[in-house]
Each structure stands twice: as structure tokens, then as C-alpha cells.
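Visitor: Show me the folded form of this:
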Amino acid sequence: MIKKFIRKILGVKDERDPTEPVILGPDEHGIDPKLLSSNAIRVTQTLQEAGFKAFVVGGAVRDLLLGVKPKDFDIATDATPEEVKKLFRRAFIIGRRFQIVHVMFGQDLLEVTTFRGRGSDNAPKDEHGRVLRDNNFGPQHEDAERRDFTINAMYYDPATQTVLDYHGGIEDIRAKILRIIGQPEARYREDPVRMLRVVRFAAKLQFTIEPATRAPIPVMAPLINNVPAARVFDEMLKLLMSGHALACLKELRSSGLHHGLLPLLDVVLEQPIGMKFVTLALDSTDARVRAGKGVSPGFLFASLLWHQVLEKWNAYRAAGEAPIPALHLAADDVLDNQTDKLALQRRIATDMRDIWAMQPRFERRNGKAPYKLLEHPRFRAGFDFLLLRCESGELDAEVGHWWTTFYAGDVAERERLVNAARETAPAAAKKRPRRRGPRKTGEGEAMGSAAADQGAAGE
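Guide: Residues are numbered from 1 along each chain as shown. Okay, here's the model as predicted:
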């Protein structure tokens, strides 16, 4: 007791046995059992009845302690993947780096992992120290040691309503501090994605990153270039769809992590119009996420990269390229650059192209053009994108107002708007000369014409 009192006076934390957790009862942790998923309870109960240990773990426990209903529930157990699979009708073993089991209940998916042991010195690593594969199982205290941050290393047993805390996670949650478990440089080298995760958690939870946890990030940031692009993309998507995307991007910049992930982001955010556009787009996305509404990844990335496209689009036009092919050439340049960095999925890249390709078509407001554009399957996304451009000051607000009225109007109102647009359109736009014979085009222009035709056909 005297030693404990002296350590408290000196501000030194108690050294506790890392193999023994602090056990918190319901009155101490305050978790509301009603926030638990019935399927999570079902999985832990089934495993426990079969003689295994089983706990809700990680982010779900963190959210429960914060009074938030978790979106996902992960389970940790001492049962092997094969033993878990035998207990559930719809269970599938997946993973190469570390095997896990997906247990399905209808559309609800729960991830069940076996307690991981300390990493082996012989585990395969790349030349930078990143662990490539590690399937060692071990006791629970070693599993806690292997987790990334103290707030994600707690275990909740629904049967006894107790929380097991090996690394002071409950204290850090109450102090709103993000602290990595172990030696920061070594943990980031093992898995550089942890640097992105700490940024996401700090922004999402509005926690402070503990100084020792933050210090190595600017120096070690280049290690993210060694992570498979698909993993980086998944983490960036989580970051952007966290409901705190703008705060995450600002934290990325302050931590020096944005270089190579979203090239030229600094330039965009330092331009008044670009900054306003990105801010409006991310604020809108955050509001939709917090309201429980769907968010299109294609729309998100189209917004973030638009001013890079716009800059190149203007350059191609200044060089004499026609507007539509110039836009497609600009899109090709930007997407080719990003594919190497973020492994943008084909579907998302297609959505981005469609949104960008629609923008010049909004300028055509007479004849059949507006009606054809309404038939485009992604019209709503392109229209919302147009409104962002108007709201940011990039385009005249009148354009957005016209399309808002046309979109909501009845047949008579739409006809009136089109007739009015015809009267105010420049003479050259009212009567376009018909082409005679084939004309040589570049690949980009051919793509532009094809894309425009597809959009008009309502594909």
C-alpha cells in the first residue's frame, strides 16, 4: 500500500501483471446490455456451452463503453477456426494472413477470431518489417497484447456482464486518449495501416493521440507505400465513410499521411473554391452517414478528385481539345494516377467517370438534351454534384436553380423552361452545323462521344 501511495504521488502508473486483466463489473463499466446484438450473444453462448471461452471484443466493446450501439460485433475465443466452424450451420473459414471464421445469421455477419499468440520471429516479413503472415494462436493475454490500441483491447462477456481490460483501455476511454499497445515504431512497422487507423479513430471519437503514439507517424508514413493498395483503399473508404470524413482528412494532413494517398490534396484545400467544394461534399457525406443514409463511394472520390480533373480539363481545352474529349482525357490522367495508389475498384471508377462526364451536359438546356440527361441511370448523382459546384461558386447558381426546377417540374413546367432556355441560348447553340463525313478523333474524344451516347440512352 505504501509503495502504491508513493507511486501515485510521483505520478507513476502501477505496474500490473500483464497476464492478469482488470475485471470490471456492470456497475463499473456501465454497458447497457440492450445495445448488444442478439446474434453476438448467441455466438458467445454457443461457444461457452461447448466449453470454450468467448467474448465480444475490440471496437464493439469500445462503442458499448461509449454508449453507442456498435455496427459490427467481433467475437474472440480460444476455439480454433475448425472448432468454431463445427458449431454453426453457416460458418466459413477465410483469410490467409490470419484465419478467421465468418458466422452468418441471415444477412448479419459476425467475425469470430481465435486468440492470437505473440508473433513468431520466424513469421514471414517484407524488407521493411511488415508481417506478411502470422497464424500463431495463444492465450487471451497475448491476444490483448497483439491488438493495436488500448481502447480496442478489451473483452466483454455477455453472460457475466464483465469487461476484461489488460492494458488500461477503460482509463484511456475516460480520458479520451488513443494509445498504441507496445513500442509504437515496432507496431507501425509490423502493420503501417495502423497509422491510418489511429487517425480515423482520433477524428471519429474526437480523442487525442497520445504523444508517443503520434511522434513516429510523420517519419514512418512512407511505409504505407509498401502496403497492398487494396488494403489502403479499404482503410481510406472506412475513413471517408466514418461520418467524420473532413476531420479525418485534416488529421491526415496534420500527421503527414496524405502524401501519395490523395495527391495534390494540399493544393486543392489551399484554393478557396477547391476547399469550399471539398468541405461541402464531405459535410454532406458526414450528415448522410450520421443520419443512417447510404453514401456512394464513387460520389465521394469523384468529389475529392474533381479539382484535379478540372485543372487538367482546362489545360486540355486550352491546348485546343474539344470540351467532351478533353474531359475524358483529364479523367484518364487522374484515375490512372490514383489506381496505382488506391486500387480504385472498377465499379467505383465507372461511377466517377459517369458523374464527371455528365457535367458538360448540364450546360445544354434546350431541345431534347435535358430530357435525355434525366434518363441517365446516375442522373441524381450527377445532379447533386452539379449543385455542389454551384454552391461552391465554381458555377453560376442560376444553372443549379434551373435544373432543380426542371427536375421537380411537371411536363408543362419543363417545356416552359426548355423554351426559355432556347430563347436565351447563343445563336451558335440554337443551330449547330451538321457534320459531313467522318472526322479524325483521338481516343479520348471517341470515348467521350460513346459515353455521352450511353448516358443519353439511359443505360
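Visitor: Quick check: end-to-end length of stretch 58-70?
Guide: In stretch 58-70, first residue to last residue: 11 Å (Cα to Cα, to the nearest Å).
Visitor: which outside residues touch it?
Guide: Stretch 58-70 is contacted from outside by 29-32, 35-37, 40, 56, 72-74, 76, 147, 151-156, 163, 169-170, 173, 205, using Cβ atoms under 8 Å, 6 or more residues apart in numbering. C-beta coordinates here come from the backbone N, C-alpha and C atoms, glycine included.
Visitor: now do 7 Å
Guide: Contact with stretch 58-70 is made by 29, 31, 35, 72-74, 151-152, 154-156, 163, 170, 173, as judged by Cβ atoms under 7 Å, 6 or more residues apart in numbering.
Visitor: Which pair of these spans the longest distance?
Guide: Pairwise distances among the contacts of stretch 58-70 were taken by Cβ to Cβ; the largest, 20.9 Å, belongs to Asp72 and Ile170.
Visitor: Of the two, give the one with the bigger neighbour count.
Guide: More crowded of Asp72 and Ile170, by other Cβ atoms under 10 Å: Ile170, with 20 against 14.
Visitor: which residue sits closest to the more buried one in space, ignoring its chain neighbours?
Guide: Of all residues not flanking Ile170 in the chain, Leu24 sits nearest, at 6.4 Å (Cβ to Cβ, 6 or more residues apart in numbering).
Visitor: show me what contacts that neighbour?
Guide: Leu24 neighbours (Cβ under 7 Å, 6+ apart): Thr162, Val163, Asp165, Ile170.
Visitor: about what we covered before: which among the contacts of stretch 58-70 gets closest to Thr46?
Guide: For the contacts of stretch 58-70, the nearest to Thr46 is Phe73 (13.9 Å; Cβ to Cβ).
Visitor: List phi and psi for the residue nearest to Ile170.
Guide: Leu24 adopts backbone torsions of phi -110, psi 130, taken as degrees, to the nearest 10.
Visitor: Equivalent analysis for the one 3 residues further on, please.
Guide: Backbone geometry at Asp27, expressed as degrees, to the nearest 10, gives phi -70, psi -30.
Visitor: same deal with the one 10 residues further on?
Guide: Main-chain dihedrals, Ser37, degrees, to the nearest 10: phi -70, psi 140.
Visitor: List the contacts of it.
Guide: Residues near Ser37 by Cβ under 7 Å, 6+ apart: Phe73.
Visitor: Same check on Gly409?
Guide: By Cβ under 7 Å, 6+ apart, the contact list for Gly409 reads Leu417.
Visitor: likewise the one 4 residues further on?
Guide: Taking Cβ under 7 Å, 6+ apart, we find Glu413 in contact with no residue.
Visitor: where exactly do the helices run in the stretch 101-250 of the chain?
Guide: Applying DSSP state H, counting those that start in this stretch to the stretch 101-250 of the chain gives helices spanning 140-146, 169-175, 184-190, 193-205, 211-214, 217-220, 229-240, 245-255.
Visitor: tell me the pLDDT at Ser254?
Guide: pLDDT, Ser254: 80.
Visitor: tell me the SS of the residue lying closest to Phe299 once chain neighbours are set aside?
Guide: Leaving aside its sequence neighbours, Phe299 sits nearest to Ala381 (Cβ to Cβ, 6+ apart; 5.3 Å). Three-state call for Ala381 (DSSP: H, G, I helix; E, B strand; the rest coil): helix.
Visitor: Look up how far Arg89 lies from Ala381.
Guide: Distance of Ala381 to Arg89, computed by Cβ to Cβ, to the nearest Å: 39 Å.
Visitor: Ok, Leu196 next?
Guide: Leu196 sits 36 Å away from Arg89, taking Cβ to Cβ as the criterion.
Visitor: okay, how far is it across stretch 222-229, tip to tip?
Guide: Length of stretch 222-229, first residue to last, Cα to Cα: 13 Å.
Visitor: Could you tell me how far that stretch lies from the centre of the chain?
Guide: Chain-centre distance of stretch 222-229: 17 Å, with Cα atoms, centre = their mean, to the nearest Å.
Visitor: What of stretch 392-410?
Guide: 30 Å.
Visitor: same thing with stretch 138-154?
Guide: With Cα atoms, centre = their mean, you get 24 Å for stretch 138-154.
Visitor: Tell me which residues of that stretch come out buried.
Guide: Buried residues in stretch 138-154, defined by neighbour count with 16 or more other Cβ atoms under 10 Å: 138, 140-154.
Visitor: and what of stretch 206-213?
Guide: Judged by neighbour count using 16+ other Cβ under 10 Å, the buried positions of stretch 206-213 are Phe207, Ile209, Glu210, Thr213.
Visitor: Make CSV out of these and add pLDDT and distance to Ser255.
Guide: Shown next, in CSV, are the buried residues of stretch 206-213 (pLDDT from 0 to 100; distance: Cβ to Cβ, whole Å):
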residue, pLDDT, distance to Ser255
Phe207, 94, 14
Ile209, 95, 8
Glu210, 95, 13
Thr213, 96, 11
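Visitor: re earlier: which one of Leu196 and Arg89 is surrounded by more residues?
Guide: Per other Cβ under 10 Å, whichever of Leu196 and Arg89 has more neighbours is Leu196, with 25 against 7.
Visitor: can you tell me which residues contact that one?
Guide: By Cβ under 7 Å, 6+ apart, the contact set of Leu196 is Glu235, Leu239, Leu257.
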